[in-house]
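> The amino acid sequence is not available; the structure is as follows:
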């Protein structure tokens, strides 16, 4: 199975901060990488697909980059509603796998 | 409204069986592959199973392979997860998710709210 490793596991930030989360795959997944946001008690929401494409309705402060094994999710200016847990997920292999998550907390 | 609604979660004894259902509405169900993703409360997401649009092919994570079976009934806009030989570590919220394959990379674009399965004696 393809292992997905996110870093950091958690981070503290303030409104207006630029936040960067990284995700590394155990083998090349080309650009078959998606990012999700999950808030407590809610289902995950798709933010970014194909490594860098913004899903419908997602604010432009979210962006994704990377290819091969290394990927990044960036929030350009953190907003109050962005405090949540973020997951990367590969769809290169039939057996999909998620990263362990990155919790973005209030500083 | 595009929607997925899970049902069937409950308390079950270790070694027992359970069948979860996922009802889809608001979209052409048989156009999409579907998946089950589970989440232990307070922990991360784990993909456990996926099925193609016509139900002829399903894949499973190693953690459930041989114990869980995923199926779908496109006439009823529904999919199912038959869970056998349940273990304490299967305790989790179980979400169904739509696999959107037209984005250039398959991504889970629609999620249900989940149904809770508790495996305990």
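Arrived safely, thanks for sending. Keep in mind it's a predicted model, so treat the numbers as computed, not measured.
> Contact partners for residue 106?
Went with chain A since none was named. A:12-14, A:83 (C-beta atoms under 8 Å, 6 or more residues apart in numbering or on different chains). No exception for glycine: its C-beta is placed from N, CA and C like everyone else's.
> that answer is for a different chain, and I need it for chain B
Contacts of residue B:106 by C-beta under 8 Å, 6+ apart are A:32, A:91, A:96, B:33, B:99-100.
> where does chain A come near chain B, residue by residue?
Within chain A, the residues that sit near chain B (C-beta under 8 Å from any C-beta of the partner chain) are A:1, A:31-34, A:36, A:38, A:42-46, A:49-51, A:53, A:55, A:87, A:89, A:91, A:94-101.
> Selection in PyMOL covering whichever of those are buried, please.
In PyMOL syntax, the buried subset of those is picked out as below (16 or more other C-beta atoms under 10 Å in any protein chain shown):
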select buried, chain A and resi 31+32+33+34+36+38+43+44+45+46+49+50+51+55+87+89+91+95+96+97+98+99+100+101
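> coming back round to it: restricted to strands, list the contacts of residue A:106.
A:12-13 (DSSP state E).
> Residue B:18 and residue B:117 touch, don't they?
Yes: between residue B:18 and residue B:117 there is a contact at 6.3 Å, judged by C-beta atoms under 8 Å.
> just wondering, since we're on the nearest residue to residue B:2 once chain neighbours are set aside, how far is it from chain A?
Spatially, and ignoring its direct neighbours in sequence, residue B:2 is nearest to residue B:26 (3.8 Å; C-beta to C-beta, 6 or more residues apart in numbering or on different chains). Separation of residue B:26 from chain A (C-beta to the nearest C-beta, to the nearest Å): 15 Å.
> Same check on residue B:81?
Residue B:81 sits 15 Å away from chain A, going by C-beta to the nearest C-beta.
> Bridged to that residue, which residues?
Listed by DSSP bridges, the beta-bridge partners for residue B:81 are residue B:20, residue B:70.
> swap in residue B:37?
Going by DSSP bridges, residue B:37 forms beta bridges with residue B:47, residue B:95.
> list the contacts for it?
Counting by C-beta under 8 Å, 6+ apart, residue B:37 touches A:44, A:98, B:45-48, B:94-97, B:108, B:111.
> just to revisit the earlier point, please list only the buried members of the contacts of residue A:106.
With neighbours counted using 16+ other C-beta under 10 Å, the contacts of residue A:106 contain these buried positions: A:13, A:83.
> want to throw the contacts of residue A:106 into CSV with distance to residue B:22 and pLDDT?
Compiled in CSV, these are given as follows (distance: C-beta to C-beta, whole Å; pLDDT from 0 to 100):
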residue, distance to residue B:22, pLDDT
A:12, 37, 97
A:13, 35, 96
A:14, 39, 96
A:83, 29, 96
